[in-house]
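[1] coords please:
(chains A and B)
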Number of protein chains: 2
Amino acid sequence: MSETRWEEIVELLDEGAQGELQERFTEWSEADRTHAAAHLSSADLARLFDALDVGQAADLVEDLPDRQAADAIGEVGPDAAAEILEALSSDERADVLAEVDAHELDAILEASAPETARDIRSLLEYDADSAGGLMHTEFVSVRADSTVAEAVSEIRSAADVYARFSIQYLYAIDAGGRLEGVVPLRALLLSRPTALVSDVMIEKPLALAVDEDLDHLYEIFEETEYLGAPVVDVQGVLLGVVERSAVDEATLDQAEADHMKSLGISSGEELRSMPPLERSRRRLAWLSINIVLNLLAASVIAAYEETLQGAIALAVFLPIISDMSGCSGNQAVAVSLRELSLGVVRPGEIGRVLVKEITVGLMNGLALGILLGGVALAWRGDATLGLVVGLALAINTVLAVSIGGSVPLAIKRFGWDPALASGPILTTLTDVCGFFLTLSFATAVLV
Amino acid sequence: MSETRWEEIVELLDEGAQGELQERFTEWSEADRTHAAAHLSSADLARLFDALDVGQAADLVEDLPDRQAADAIGEVGPDAAAEILEALSSDERADVLAEVDAHELDAILEASAPETARDIRSLLEYDADSAGGLMHTEFVSVRADSTVAEAVSEIRSAADVYARFSIQYLYAIDAGGRLEGVVPLRALLLSRPTALVSDVMIEKPLALAVDEDLDHLYEIFEETEYLGAPVVDVQGVLLGVVERSAVDEATLDQAEADHMKSLGISSGEELRSMPPLERSRRRLAWLSINIVLNLLAASVIAAYEETLQGAIALAVFLPIISDMSGCSGNQAVAVSLRELSLGVVRPGEIGRVLVKEITVGLMNGLALGILLGGVALAWRGDATLGLVVGLALAINTVLAVSIGGSVPLAIKRFGWDPALASGPILTTLTDVCGFFLTLSFATAVLV
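    Next up is the predicted model:
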């Protein structure tokens, strides 16, 4: 078996070949680094951080999932951690530190420069998915009453900030740090050097409240063409800048986390680098609830044992009806979630959605019912059996599609996460209905 | 019942109150417009396009899902359509036209300015999720051998392009239109007016091949801080610019479409504004396949009818084992998909993933097996029944988790979409195994 990159890293670490590690590191692409680092234990990763120079270690932190970076940062010791974190941008730093244990965090802040520590503490107070949590605090500001020439020289002196953030705006503030306007670089380029910043700036610019939530931020950036927007506190003091790309990335992460949660992976993230016991726990909480819900649904079958004994073929069709109804219901949930997120449907429109879903449910229920009924008839030559399972599936499809389509709107109306609608609760409901319909029809006509 | 916004629109359209419509339109937020327009038929929407001025109509097109915009654009007639499309940015135009029927498209291109028509035709040739499909063709270029002052005056004359795209780079080209360098506005700002563009530009800049695919584009932007990147053809001629936000947005759309597809909604998009028959069709294709797969799995039950007749309580547990194994399997699929997209696992590592998943599968299988076995025992006071269902669920959980975790990697290795792994095929497999394990154990010990 050929040696893999991470085995090579561990070997070099064991040999103490620091120089060679640093050299190799520069040769790898970001994808190579992410991949290799994902295979290292937190302890090995911490040794790697120690062996690399600070800039390389900071690059590596940026390449890793926050959680994995935090675990390793927790192991390098507070001084080394503080040094690496100092080299990160403010927003990345806050993301990683949000995942570090509380007492390790205190030690790291103790070891940091007082100003950085203060900055970190204030950033950590904001919800990660709010304007405050997504903003970075590196920006270039000038007094609104300075000249264009002074503004240009401010930019010259802040060249490193520009290089890192491709910031395209300058922020004009008053003596109290309150945001007065935004100056696009283009405006500086096309103005006389002696003009006042206040004359070339865009006045009353879009300013985001520090507690603005992600959904709203996404909407705001959807409605505008801005690449970034300033964040202010209640007094209007400029605190930082949220970039469009930070909002897009957080939205994408949230969509993925929601998908994981809808499958019952608690807290929406699981990596194979986590210990098996933790991974098992993350999945098991929901699986345990799910099994209880399943038992609830199955108790309907138990109640009809006599019917089942008399027509054992039904046992073959019960899992099919359960699965098919679940699928139909989840399709309707997905369409509603999509329409809610696009803004083409609103939580109050349950009646309208119901009418539309019932139409689709009837068509699909009819098609699927005839198909399943036909199979039952062909297999057993028993028209009554065909009628029972076909009719049960048809009706249950209509129910599943109607419930699936409307429940996300109802949940959203209560202010909860509509993604909760898919999965176990819907499936349990459609199972109960499906089992009941099949077995009560059968009791009426078959036995 | 109070009148809704879209009912109001239809009323104003019927009255021919064009002026009032235009006025109302300016008062609504983008969200209001998206929502109201989603409730109009294509015919009403086309009438609305006619009543609004061209700029408003173009704004509305941008607010709508592409498919809905295309349906309405197809109804306004080629001349009006060409006029509205002319007012859109090149990338938005291509997105909408990609959804328009072929013969309507021809009529619209016929009615467009020859240059626009040529531009559209060439953009439509690119795959929508490639660099060519995501780029816009509005950019500012200067000859590399011109001066900074000439470049600034070029920007001044292209002010409208800048206003719309917040473009932050200028592209330096040679006499043949080939890309020579990229000039950040900042560089112009900090340079003497007499300096040559070739002296201040970044040479050999990142240039994207026109057929670069979305996944790769996303990776490229992940590895860099660029807000946009130039797109070139095989000769190196500058064709357009892809912005980071276009890539992020397309990635988010693709993630949502993948999710829809994984639930069996064909082509990954369904809106309630589509005709019910089309919506039914989009869902039914997959449901029909799914029911066949379900029958396949259920045929295992049919083969054990005698066993079932002798131990009817098993019929209660079969749907539970089927559902629980499906859930466990899909969790593992989600973790693999997530790790593949993060780049922390690669398609070749099936062996490693299997070992890790088997560990988690054993833990969860044990926990769930004991739980379900305990319930069976408590309910029936039958230790053998408890053992059969508990053991079957435990083993099947290990199987489901192992298959679910490794199949996405295998599929990716073949170059297919790993998201295909979740859903029906996995569920069928775990159903077959679950039914077989339960019923064969039961045959051995119960009957």
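[2] Mind telling me what element the residue most central in space within chain A is part of?
    Centroid-nearest residue in chain A, with CA atoms, centre = their mean: A:Gln254, separated by 1.5 Å. Using DSSP states H and E, A:Gln254 maps to helix A:244-262.
[3] And for A:Ser341?
    Following DSSP H and E, one finds A:Ser341 within helix A:314-342.
[4] what's downstream of that helix, the next helix or strand?
    helix A:350-380.
[5] helices or strands next to the very next helix or strand once past that following helix in the packing?
    Next helix or strand after helix A:350-380 toward the C-terminus (DSSP H and E): helix A:383-413. Under the contact definition 3 or more CB pairs under 8 Å, 6 or more residues apart in numbering or on different chains; DSSP states H and E, helix A:383-413 sits against helix A:314-342, helix A:350-380, helix A:424-445. Heads up, the C-betas are built off the backbone N, CA and C, glycines and all.
[6] Would you point out which residue of the stretch 1-150 of chain A is nearest chain B?
    With CB to the nearest CB, the shortest gap between the stretch 1-150 of chain A and chain B falls at A:Ala38, namely 3.4 Å.
[7] Distance-wise, check that residue relative to B:Gly361.
    According to CB to CB, to the nearest Å, A:Ala38 and B:Gly361 sit 21 Å apart.
[8] what number of residues lie near the closest residue to A:Glu249 other than its chain neighbours?
    Nearest residue to A:Glu249 in three dimensions, chain neighbours excluded: B:Asp248, at 6.9 Å (CB to CB, 6 or more residues apart in numbering or on different chains). The local packing of B:Asp248 (other CB atoms under 10 Å in any protein chain shown) involves 20 other residues.
[9] hang on, isn't B:Asp248 packed against A:Ala255?
    No. Counting by CB atoms under 8 Å, B:Asp248 stays clear of A:Ala255, with 11.7 Å between them.
[10] How many neighbouring residues does the closest residue to the residue of the stretch 1-150 of chain A closest to chain B other than its chain neighbours have?
    Of all residues not flanking A:Ala38 in the chain, B:Val344 sits nearest, at 3.4 Å (CB to CB, 6+ apart). Around B:Val344 sit 23 other residues, with neighbours defined as other CB under 10 Å.
[11] What residues sit buried inside stretch A:141-160?
    Residues A:Ser141, A:Val142, A:Arg143, A:Ala144, A:Thr147, A:Val148, A:Ala151, A:Val152, A:Glu154, A:Ile155, A:Ala158 are the ones in stretch A:141-160 that count as buried (16 or more other CB atoms under 10 Å in any protein chain shown).
[12] give me the subset of those touching chain B.
    With the criterion set as CB under 8 Å from any CB of the partner chain, the members of the buried residues of stretch A:141-160 near chain B are A:Val152, A:Ile155.
[13] Take the buried residues of stretch A:141-160 and keep only those in helices.
    Using DSSP state H, the subset of the buried residues of stretch A:141-160 located in helices is A:Val148, A:Ala151, A:Val152, A:Glu154, A:Ile155.
[14] Could you dump those residues into CSV and include pLDDT?
    Below are these laid out as CSV (pLDDT from 0 to 100):
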residue, pLDDT
A:Val148, 91
A:Ala151, 89
A:Val152, 87
A:Glu154, 84
A:Ile155, 83
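[15] Go through these and name the one nearest B:Asp323.
    A:Ile155 (60.9 Å; CB to CB).
[16] Which SSE is immediately downstream of the helix or strand of chain A with the lowest mean pLDDT?
    Every helix and strand of chain A was ranked by mean pLDDT, DSSP states H and E. The lowest is helix A:159-165, at a mean of 62. As assigned by DSSP H and E, the chain's next helix or strand after helix A:159-165 is strand A:169-173.
[17] Pairing partners for that following strand, with directions?
    strand A:141-143 (parallel), strand A:179-184 (antiparallel) (DSSP bridges).
[18] and A:Ala209, what are its phi and psi?
    phi -70, psi 140 (degrees, to the nearest 10).
[19] what sits against the residue in the stretch 301-447 of chain A positioned nearest to chain B?
    For the stretch 301-447 of chain A, the residue closest to chain B is A:Val344, as judged by CB to the nearest CB, at 3.4 Å. Applying CB atoms under 8 Å, 6 or more residues apart in numbering or on different chains to A:Val344 gives the contacts B:Thr34, B:His35, B:Ala38, B:Pro65, B:Leu271, B:Arg272, B:Ser273.
[20] Dump those residues into TSV; add neighbour count as well.
    What follows is the contacts of A:Val344, written out as TSV (neighbours: other CB atoms under 10 Å in any protein chain shown):
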residue	neighbour count
B:Thr34	20
B:His35	21
B:Ala38	22
B:Pro65	21
B:Leu271	18
B:Arg272	23
B:Ser273	22
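[21] just those residues now: which is nearest chain A?
    Closest to chain A, out of all of those and judged by CB to the nearest CB, is B:Ala38, at 3.4 Å.
[22] If you count neighbours, what's buried in the helix holding A:Gln254?
    By neighbour count on 16+ other CB under 10 Å, the buried set for helix A:244-262 is A:244-253, A:256-262.
[23] Outline the domain layout of chain A.
    A:5-125, A:141-252, A:276-445 (automatic domain parsing).
[24] Let me see the mean pLDDT of the longest one.
    On average, the pLDDT along domain A:276-445 is 91.
[25] what's the span of that domain from first residue to last?
    Chord length of domain A:276-445, first to last residue, is 51 Å (CA to CA, to the nearest Å).
[26] Repeat that for the shortest one.
    For domain A:141-252, the first-to-last residue distance is 30 Å (CA to CA).
[27] Do a quick rundown of the helices in the stretch 1-150 of chain A.
    Using DSSP state H, counting those that start in this stretch, the helices of the stretch 1-150 of chain A run over A:5-15, A:18-27, A:30-38, A:42-51, A:54-63, A:66-73, A:78-86, A:90-97, A:102-111, A:114-124, A:131-134, A:148-157.
[28] now these as JSON lines including distance to B:Gln331?
    Formatted as JSON lines, these follow (distance: least, CB to CB, whole Å):
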{"stretch": "helix A:5-15", "distance to B:Gln331": "26"}
{"stretch": "helix A:18-27", "distance to B:Gln331": "35"}
{"stretch": "helix A:30-38", "distance to B:Gln331": "19"}
{"stretch": "helix A:42-51", "distance to B:Gln331": "24"}
{"stretch": "helix A:54-63", "distance to B:Gln331": "26"}
{"stretch": "helix A:66-73", "distance to B:Gln331": "18"}
{"stretch": "helix A:78-86", "distance to B:Gln331": "33"}
{"stretch": "helix A:90-97", "distance to B:Gln331": "25"}
{"stretch": "helix A:102-111", "distance to B:Gln331": "29"}
{"stretch": "helix A:114-124", "distance to B:Gln331": "31"}
{"stretch": "helix A:131-134", "distance to B:Gln331": "28"}
{"stretch": "helix A:148-157", "distance to B:Gln331": "50"}
